[in-house]
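> One predicted model, sequence on top.
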Amino acid sequence: MSYDRSVSADSHELSPETVWHIDMPEIRFGRDATDELAFQLRDLGVEGTATGLVITDEGVADAGHADRVVAHLKDAGLGADLYDKSEREPSISAIEDCLSFVREQTDNGYDFYVGLGGGSCMDTAKATRAIIANGGSPLDYISEPTGDGQSLTESGPPLVLLPTTAGTGAEISPVAILSVPEKEIKEAISSNHVRADAAVLDPTLTTTLPPELTARTAMDALGHAIEGYTTHEHDSLLRASDPAERPVYAGRTQLTEMFSEKAIRLLSGSARTAVHNGDDLDAREDMLLGALFGAISGLTAGASLCHAMAYPVGNKYHTYHGETIAVLTPASTIDYNSASDPARFARVAEIFGVDTAGMTNREAANALKQAYIQLQQDLNVLPSGLTELAGITEEDIDWLAQQTVDTQERLLRCNPRPVTKEDVADVFRDTLHNWED
Ligand SMILES: [Fe+2]
């Protein structure tokens, strides 16, 4: 394959950013950390017999996790209502349903909120808490032209998130992603006021996750870790004249690199066991920790080309995000981007467990791609490429590439190697079949 065209693209602006910072919720991690949820809420200022809302979905409720959380809160003297109607990839109307529930049950909203589930449940909880606190509707806070682009000014009462999957990073991120089905796009309410106050990560909540979901979320987490490790350095961008203007995806730092390295090791080392033996708590703990570390890196340093390409695919074909990331990673994050810094990708190969002795950096990067594809095959539940994923063929590539460059500038700007539309099309072409079905 050839990606020669990229050499004609504009290079990144080079001027000296010297400062980085990181915002995080409080983080509580470990087996049965759920039993410390009430303590966490009290620590955040929840007093007396305050009543909160636990926001989840039917699947998580059926698994018994919602009952566990509600019983725990009641044992601690707190009130707890349950909303279990969260939707996968919540639409604006799904958020409005949750807002209506809150407004019917309370005069001014609940005293605290708990989001329990995968990224969709957590994003529903984040959006609901923020909009109840600031008033209005989701569209008021979605950027133009879809929404009004108003700024959130209030965070509202405490929000604690408990992930039941290991992958999305929604428990620490400052965005709530909402789908707009009639436009086949996703939009986000993005603000530090959306970020949760605390994340409680309990591997015992993840053992009920079936193999397919375990594999998909693992590949999303691995994507965050590798993309975060290989994105541009924070000091390769312009220094923000106003600290408030510093981009959310600010580039990699020594802190994010440290988290990426550990995340890649944990996730690549334990994914097979977590998928094939879901009750293995050691593996589940590794995956939850790896996903958290991947998010700390990828969601602050910045995701890149792979995530940019994943959004148009997900919007049009309604594929699962993690599955899409899994299919796109070999050609985008690894193959295309490794030319930006072969030594760095050789290092990823080593961390991934590849024996790179005697290899050149480019050979090691190529071995990383093979090892990554081997991992996907071993998980046994992931599609071989875009064609198997959603019936995508050569005819669909031009539209997907155009959508990527038209709508994903924020992510493409972070890519360590410049990209043109033709480059994106070439990469899409390479993802149709990662291996023979
Ligand atoms: Fe992701």
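The structure has been received and is ready for your questions. Numbers count the residues shown, from 1 in each chain.

> all strands of the chain, in order?
Taking DSSP state E as the test, the strands found in the chain are 26-29, 51-55, 79-83, 112-117, 159-163, 175-180, 185-190, 198-201.

> Give me the contact list for the last one.
In other words, strand 198-201. 25-30, 33-34, 36-37, 40, 43-44, 158-163, 171-172, 288-289, 292 (C-beta atoms under 8 Å, 6 or more residues apart in numbering). Every residue, glycine included, has its C-beta placed from N, CA and C.

> Likewise for the fourth one?
Where contact means C-beta under 8 Å, 6+ apart, the residues beyond strand 112-117 that reach it are 37, 41, 44, 46, 50, 52-57, 59-60, 65-66, 69, 73, 80, 86, 121-126, 128-129, 156-165, 196, 205.

> Quickly run through the sheet partners of it, with directions.
strand 51-55 (parallel), strand 159-163 (parallel) (DSSP bridges).

> what's the closest of those to residue 180?
The closest of the strands paired with strand 112-117 to residue 180 is strand 51-55. By C-beta to C-beta, the value is 20.6 Å.

> mind checking which helix or strand of this structure has the lowest mean pLDDT?
helix 409-412 (a mean of 85; mean pLDDT, DSSP states H and E).

> so how far is the longest helix seen in the chain off the chain centroid?
Under DSSP state H, the helix in the chain containing the largest number of residues is helix 254-276. In terms of C-alpha atoms, centre = their mean, to the nearest Å, the centre of helix 254-276 is found 15 Å from the chain centre.

> List the buried residues of that helix.
256-257, 259-272, 274-276 (16 or more other C-beta atoms under 10 Å).

> before we move on, back to that, may I see the buried residues of the least confident helix or strand of the chain?
411, 412.

> name the helices or strands packed onto it?
Counting contacts by 3 or more C-beta pairs under 8 Å, 6 or more residues apart in numbering; DSSP states H and E, helix 409-412 is packed against helix 305-317.

> if we can go back for a sec, weakest of the strands of the chain in terms of mean pLDDT?
Least confidently modelled of the strands of the chain is strand 185-190, at a mean of 88 by mean pLDDT.

> Please give the centre-to-centre distance between that strand and its chain.
13 Å.

> ok, now stretch 268-284?
20 Å.

> can you check stretch 205-214 too?
On C-alpha atoms, centre = their mean, the centre of stretch 205-214 falls 17 Å from the chain's centre.

> Let's have the strands of the chain in TSV, adding mean neighbour count and distance to residue 421.
TSV is the format used below for the strands of the chain (neighbours: other C-beta atoms under 10 Å; distance: least, C-beta to C-beta, whole Å):
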stretch	mean neighbour count	distance to residue 421
strand 26-29	15	40
strand 51-55	25	40
strand 79-83	18	43
strand 112-117	29	37
strand 159-163	29	36
strand 175-180	23	24
strand 185-190	19	18
strand 198-201	24	38
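
> Using JSON lines, please lay out those strands together with distance to residue 404.
Shown next, in JSON lines, are the strands of the chain (distance: least, C-beta to C-beta, whole Å):
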{"stretch": "strand 26-29", "distance to residue 404": "33"}
{"stretch": "strand 51-55", "distance to residue 404": "32"}
{"stretch": "strand 79-83", "distance to residue 404": "35"}
{"stretch": "strand 112-117", "distance to residue 404": "29"}
{"stretch": "strand 159-163", "distance to residue 404": "28"}
{"stretch": "strand 175-180", "distance to residue 404": "17"}
{"stretch": "strand 185-190", "distance to residue 404": "13"}
{"stretch": "strand 198-201", "distance to residue 404": "31"}
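
> Sketch out the low-pLDDT regions of this structure for me.
1-15 (pLDDT under 70).

> circling back: which strands and helices sit next to the longest helix of the chain?
Looks like helix 254-276 contacts helix 211-230, helix 281-301, helix 342-352, helix 361-379 (3+ C-beta pairs under 8 Å, 6+ apart).

> nearest to residue 240, of these?
That would be helix 281-301 among the helices and strands packed on helix 254-276, by C-beta to C-beta, at 14.9 Å.

> And this structure, what are its domain boundaries?
In terms of domains, the chain is parsed into 4-20+209-430, 33-201 (source: automatic domain parsing).

> Quick check: residue 276 vs residue 330, distance?
Applying C-beta to C-beta, to the nearest Å, the value for residue 276 to residue 330 is 22 Å.

> Can you tell me the closest non-neighbouring residue to residue 171?
Excluding the flanking residues, the one nearest residue 171 by C-beta to C-beta, 6 or more residues apart in numbering is residue 199, at 3.8 Å.

> ok, what's across the strand from the one you found?
residue 27, residue 161.

> Please tell me how far it sits from residue 101.
Taken as C-beta to C-beta, the span from residue 199 to residue 101 is 23 Å.

> Name the stretch among the helices and strands packed on helix 254-276 that sits most buried.
helix 211-230 (a mean of 28; mean count of other C-beta atoms under 10 Å).

> Just the angle for it relative to helix 254-276, thanks.
In terms of direction (axes from the mean of the first three to the mean of the last three C-alpha atoms, to 10 degrees), helix 211-230 departs from helix 254-276 by 160 degrees.

> Can you tell me which helices and strands helix 211-230 packs against?
Looks like helix 211-230 contacts helix 254-276, helix 281-301, helix 305-317, helix 321-328, helix 342-352, helix 361-379 (3+ C-beta pairs under 8 Å, 6+ apart).

> With distance to residue 436 as extra columns, can I get the domains of the chain in CSV?
Listed next are those as CSV, based on distance: least, C-beta to C-beta, whole Å:
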stretch, distance to residue 436
domain 4-20+209-430, 7
domain 33-201, 27
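
> closest to residue 437 out of these?
That would be domain 4-20+209-430 among the domains of the chain, by C-beta to C-beta, at 5.0 Å.

> chain center to that closest one: distance?
For domain 4-20+209-430, the distance to the chain centre is 11 Å (C-alpha atoms, centre = their mean).

> same deal with stretch 196-213?
For stretch 196-213, the distance to the chain centre is 14 Å (C-alpha atoms, centre = their mean).

> Contact partners for the nearest residue to residue 325 once chain neighbours are set aside?
Excluding the flanking residues, the one nearest residue 325 by C-beta to C-beta, 6+ apart is residue 223, at 4.2 Å. By C-beta under 8 Å, 6+ apart, residue 223 lies in contact with 294, 298, 303, 306, 307, 322, 325, 326, 329, 333.

> If we use 7 Å, what do you get?
The neighbourhood of residue 223, defined by C-beta atoms under 7 Å, 6 or more residues apart in numbering, consists of 306, 307, 325, 329, 333.

> Okay then, goodbye and thanks.
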